[in-house]
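Engineer: Sequence first, then the predicted structure, then my questions.
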Amino acid sequence: METTMNNSQQKSSIVPMAIVAILFFVLGFATWLNGSLMPYLKQILQLSPFQASLILFSFYIAVTFTALPSAWLIRKVGYKNGMALGMGVMMVAGLLFIPAAKTQVFALFLLAQLVMGAGQTLLQTAVNPYVVRLGPEESAAARVSVMGILNKGAGVIAPMVFTALILDSFKDRVGTTLSQVQIDEMANSLILPYLGMAIFIGILAFAVKKSPLPELEQDEAEEGTSKGQIKQALAKPNLALGVVALFVYVAVEVIAGDTIGTYALTLGVENYGVMTSYTMICMVVGYTLGIICIPRFISQPNALLISAILGVVLSFGIVFGDSSSTAISDSVLVPFGGAQLPDTLLLIAFLGLANAIVWPAVWPLALSGMGKLTSTGSALLIMGIAGGAFGPVFWGLTSSATSLGMQGGYLVMIPCYLFILFYAVKGHKMKSWK
């Protein structure tokens, strides 16, 4: 009898989990599309490295001021309606790219990115609980891992789609001075793809609204004041330092995934729009290795330690490497962007391998011993995503300030990985500030 009930529950969760899987793919697609959009807009609008970094800043900064309002809104309308509303906001963002492309006003592109980030935050806040609560608690980690691979897998595909639909027509213009007619033509090429994406997301929002996705029960609000809970949580060093670790981690993750195309553009690489796929492939490989090896063959702290050391070594190689050398063969990746690439570009891609384990390793270490403050600690850790807004900005400022240009901009990653290294060795063990 019990077996029959379990089978019934499994079958009843298949459709909802399929819907959630699609949403995670959409989230990944829209997020990692930035890696192709950033260098494309840099070329069209003739942006400096700092100005180009604002394209990512406007997207990720939305997390910092829409996360808490998103949670409040979901409490009012429910999880399923929250998902539909989140996709509705993303649809509006896609439509905003049309006037931005027609006018070529940089501020409009930034507004579209800001709205896209806000919609994504609302969708993520609504969809993430389903992964944990739609199915047995003991298999939740496996479901989270699958969704993570879907998200990063979308990051492999999104730049390839962008390149096929938009960039391939203008590869011969890399490194050339563009006329206004050429700029208009390249800007207008964004209209149909973003219109198509907006329509697709709108249809998906309607489908989710009408789907058999069950409504999750709302948790009762915790007792005590929010300020008091936050103060208590931050009094625990492993949590407070974990928030900083995730902040710098998301910073380097976004730098590695979304600036590689812009750097490739300065090196004259024709298929710069597909470069993000390289980093995402390495992240998927790293994610898979983590699922297989942790904790069976290696502990979470040791995995974090190895990731940090690899990040430091690769960062030094990127900054001080020869950007004209192609000693590293990329024959395996030929379908994703060409026959030969500078070593420094491939080292940036390999950062995906170093970054993959950090997020899943830091979370349990940071929340260890939090007890009733676990949900508050989780909310603070989520705020670490804001690192994705500031990392590229510091990269852009450093690129403009050093004689090495964009290659020198990757210096900002070294202190980030060193802090992650500190957290792996000591920070996560600290139970008191004394």
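Structural biologist: Thanks, I have the structure now.
Engineer: Quick check: which ranges of the stretch 1-150 of the chain have low pLDDT?
Structural biologist: Applying pLDDT under 70 to the stretch 1-150 of the chain flags residues 1-13, 132-133, 135-142, 144-145.
Engineer: Okay, strands next: where are they in it?
Structural biologist: Using DSSP state E, counting those that start in this stretch, the stretch 1-150 of the chain contains no strands.
Engineer: so where do the helices sit in it?
Structural biologist: 2-32, 34-45, 49-60, 62-77, 79-103, 106-133, 140-165 (DSSP state H, counting those that start in this stretch).
Engineer: Any chance of those in JSON lines with distance to residue 346 as columns?
Structural biologist: For glycine as for every other residue, the C-beta is placed from the backbone atoms N, C-alpha and C. Formatted as JSON lines, the helices of the stretch 1-150 of the chain follow (distance: least, CB to CB, whole Å):
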{"stretch": "helix 2-32", "distance to residue 346": "18"}
{"stretch": "helix 34-45", "distance to residue 346": "15"}
{"stretch": "helix 49-60", "distance to residue 346": "21"}
{"stretch": "helix 62-77", "distance to residue 346": "30"}
{"stretch": "helix 79-103", "distance to residue 346": "31"}
{"stretch": "helix 106-133", "distance to residue 346": "28"}
{"stretch": "helix 140-165", "distance to residue 346": "16"}
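Engineer: does residue 122 really touch residue 81, like I thought?
Structural biologist: No: the pair residue 122 / residue 81 is not scored as a contact, 10.5 Å apart, by CB atoms under 8 Å.
Engineer: Those two: which has the busier surroundings?
Structural biologist: Set residue 122 next to residue 81 and count neighbours by other CB atoms under 10 Å: residue 122 wins out with 27 against 16.
Engineer: Now do the closest residue to that one other than its chain neighbours against residue 61, distance only.
Structural biologist: Excluding the flanking residues, the one nearest residue 122 by CB to CB, 6 or more residues apart in numbering is residue 86, at 3.6 Å. Separation of residue 86 from residue 61 (CB to CB, to the nearest Å) stands at 17 Å.
Engineer: State the distance from residue 99 to residue 234.
Structural biologist: Remark: distance between residue 99 and residue 234 (CB to CB) = 43 Å.
Engineer: now the helix or strand that contains residue 350 and helix 140-165, what's the angle there?
Structural biologist: Per DSSP states H and E, residue 350 falls inside helix 343-355. Orientation check (axes from the mean of the first three to the mean of the last three CA atoms, to 10 degrees): helix 343-355 against helix 140-165 gives 160 degrees.
Engineer: could you dump helix 343-355 to CSV, C-alpha only?
Structural biologist: C-alpha atoms of helix 343-355 as CSV (Å, rounded to 0.1, in the frame of the first residue of the first chain):
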residue,chain,number,x,y,z
ASP,A,343,45.7,30.8,-24.3
THR,A,344,44.5,33.6,-22.1
LEU,A,345,40.9,33.2,-23.4
LEU,A,346,41.0,29.4,-22.7
LEU,A,347,42.3,30.1,-19.2
ILE,A,348,39.3,32.3,-18.6
ALA,A,349,37.1,29.5,-19.8
PHE,A,350,38.8,27.1,-17.4
LEU,A,351,37.8,29.4,-14.5
GLY,A,352,34.3,27.7,-15.0
LEU,A,353,35.9,24.6,-13.6
ALA,A,354,37.3,26.4,-10.6
ASN,A,355,34.0,28.2,-9.9
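Engineer: dump the residue contacts of the closest residue to residue 125 other than its chain neighbours.
Structural biologist: Sequence neighbours aside, residue 70 is the residue nearest to residue 125 in space, at 4.2 Å (criterion: CB to CB, 6+ apart). With contact set as CB atoms under 8 Å, 6 or more residues apart in numbering, residue 70 has these partners: 82, 86, 121, 122, 125, 126.
Engineer: which of those sit farthest apart?
Structural biologist: For the contacts of residue 70, the maximum inter-member distance is 10.8 Å, found between 82 and 121 (CB to CB).
Engineer: which one of those two has more residues nearby?
Structural biologist: Set residue 82 next to residue 121 and count neighbours by other CB under 10 Å: residue 121 wins out with 25 against 21.
Engineer: give me the number of residues near the closest residue to the more buried one other than its chain neighbours?
Structural biologist: Closest residue in space to residue 121, ignoring its immediate chain neighbours: residue 66 at 4.5 Å, by CB to CB, 6+ apart. Neighbour count for residue 66, taken as other CB under 10 Å: 20.
Engineer: And for the one 5 residues further on?
Structural biologist: As a burial measure, residue 71 scores 16 neighbours (other CB under 10 Å).
Engineer: Helix or strand for residue 204, just tell me which one.
Structural biologist: Going by DSSP H and E, residue 204 is in helix 191-210.
Engineer: how about low-confidence regions in the stretch 251-400 of the chain?
Structural biologist: For the stretch 251-400 of the chain, the stretches with pLDDT under 70 are 325-340, 375.
Engineer: Could you pull out the helices in it for me?
Structural biologist: Under the criterion DSSP H, counting those that start in this stretch, helices of the stretch 251-400 of the chain are mapped to 260-266, 275-293, 300-320, 343-355, 358-367, 374-382, 387-401.
Engineer: Of these, which stretch is the most buried?
Structural biologist: helix 260-266 (a mean of 27; mean count of other CB atoms under 10 Å).
Engineer: From the contact counts, what lies against that helix?
Structural biologist: helix 34-45, helix 275-293, helix 343-355, helix 406-409 (3 or more CB pairs under 8 Å, 6 or more residues apart in numbering; DSSP states H and E).
Engineer: how about those in a markdown table, adding distance to residue 115?
Structural biologist: Formatted as a markdown table, these follow (distance: least, CB to CB, whole Å):
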| stretch | distance to residue 115 |
| --- | --- |
| helix 34-45 | 14 |
| helix 275-293 | 21 |
| helix 343-355 | 27 |
| helix 406-409 | 27 |
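Engineer: out of the ones you listed, nearest to residue 418?
Structural biologist: Of the helices and strands packed on helix 260-266, nearest to residue 418 by CB to CB is helix 343-355, at 12.9 Å.
Engineer: what's the distance between that closest one and the middle of its chain?
Structural biologist: 16 Å (CA atoms, centre = their mean, to the nearest Å).
Engineer: Mind giving me the packing neighbours of it?
Structural biologist: Short answer (3+ CB pairs under 8 Å, 6+ apart): helix 343-355 packs on helix 237-258, helix 260-266, helix 275-293, helix 300-320.
Engineer: Now do that helix against helix 237-258: the angle between them, please.
Structural biologist: Using the same axes, to 10 degrees, helix 343-355 lies at 150 degrees relative to helix 237-258.
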